[in-house]
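take this sequence and fold it.
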Amino acid sequence: MATIRQDAWSTDEDLILAEVVLRHIREGSTQLSAFEEVGERLSRTSAACGFRWNSTIRKKYESAIALAKKQRTKGKKERHLMESEWNDESSDELMGEMTIAALADEQDDNLINEVITNEAEKSSLTMEQVIAFLTEYHQNRQSQLSSREVEELRNENEQLKRELEKEINEKRVMAEDYRALLSIMERARKMSLNSQAHES
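From the prediction side, this is the model:
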């Protein structure tokens, strides 16, 4: 069983990091502030959060980052417009514009969350595909190994059969030669006995 590193980042932690950084970008804050906030929430150092963001998470949320920066620019323009027209607008009109701006922010938040969710689903799907590929590769590899092992065993069996047949034939020839030798020795003995009988 594989050992899981204690400092490994979970999917939920990656999402928290992405959401906080995007919020800070959207609000015109710095990424360092975002890393510090995430570090406090996840009991990690801001440096570890920064490294995780730059090495792994950032490239997954490029579209969300662009949207957050766009929203930040739009927010600055809206604040500047509100400040410049403060003396020319009534309280009711100002509240109406603030409500519209709040609705726009909510729509942007929903869009960013949708992007984050889509990216997370893409990452999950990619991981499932990788797991499926590795599983299939492992099964094919095992099948190839099994087929090769069967072929090797078949060849080895054929070799042993040939060697056994060869040994049996050699022993049969040796047995025939031995019987022939015994027959010759027996005839020689009988001839010797007959010769001695005639001499006597």
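
and the helices in this protein?
Ranges of helices within the chain are 11-26, 31-42, 46-52, 62-84, 91-199, based on DSSP state H.

any weak-confidence spans in the protein?
Applying pLDDT under 70 to the chain flags the ranges 1-6, 74-134, 137-138, 140-146, 180, 192, 195-200.

go again with 50.
Applying pLDDT under 50 to the chain picks out residues 1-4, 86-87, 89-104.

count of neighbours near Arg44?
By the measure other CB atoms under 10 Å, the count of residues near Arg44 is 18. In this view, the C-beta of every residue, glycine as well, is placed from N, C-alpha and C.

equivalent analysis for Asp12, please.
Using other CB under 10 Å, Asp12 has 10 other residues around it.

likewise Trp9?
17.

ignoring the adjacent residues along the chain, who's closest to it?
Once flanking residues are discounted, Trp9 sits nearest to Arg52: 5.8 Å by CB to CB, 6 or more residues apart in numbering.

who's in contact with that neighbour?
Trp9, Asp14, Leu17 (CB atoms under 8 Å, 6 or more residues apart in numbering).

can you put these in TSV and add distance to Val173?
Formatted as TSV, the contacts of Arg52 follow (distance: CB to CB, whole Å):
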residue	distance to Val173
Trp9	77
Asp14	79
Leu17	84
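
just these now: which is nearest Leu32?
Nearest to Leu32 among those is Leu17, at 13.4 Å by CB to CB.

measure the closest one to Leu181 for me?
Leu17 is 94 Å from Leu181, where distance means CB to CB, to the nearest Å.

next one: Ala64
For Ala64 relative to Leu181 (CB to CB), the value is 98 Å.

of those two, who's got more company?
With neighbours defined as other CB under 10 Å, Ala64 and Leu181 compare such that Ala64 has more, 23 against 10.

I figured that one hits Ala18, correct?
Yes: at 7.4 Å, Ala64 counts as touching Ala18 under the criterion of CB atoms under 8 Å.

so who does Gly39 touch?
Contacts for Gly39 (CB under 8 Å, 6+ apart) come out as Thr45, Ser46, Ala48, Cys49.

go again using 7 Å as the cut-off
Shown in contact with Gly39 (CB atoms under 7 Å, 6 or more residues apart in numbering): Thr45, Ser46, Cys49.

could you redo these as CSV and give each row distance to Gln139 and neighbour count?
Formatted as CSV, those follow (distance: CB to CB, whole Å; neighbours: other CB atoms under 10 Å):
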residue, distance to Gln139, neighbour count
Thr45, 42, 12
Ser46, 44, 17
Cys49, 39, 28
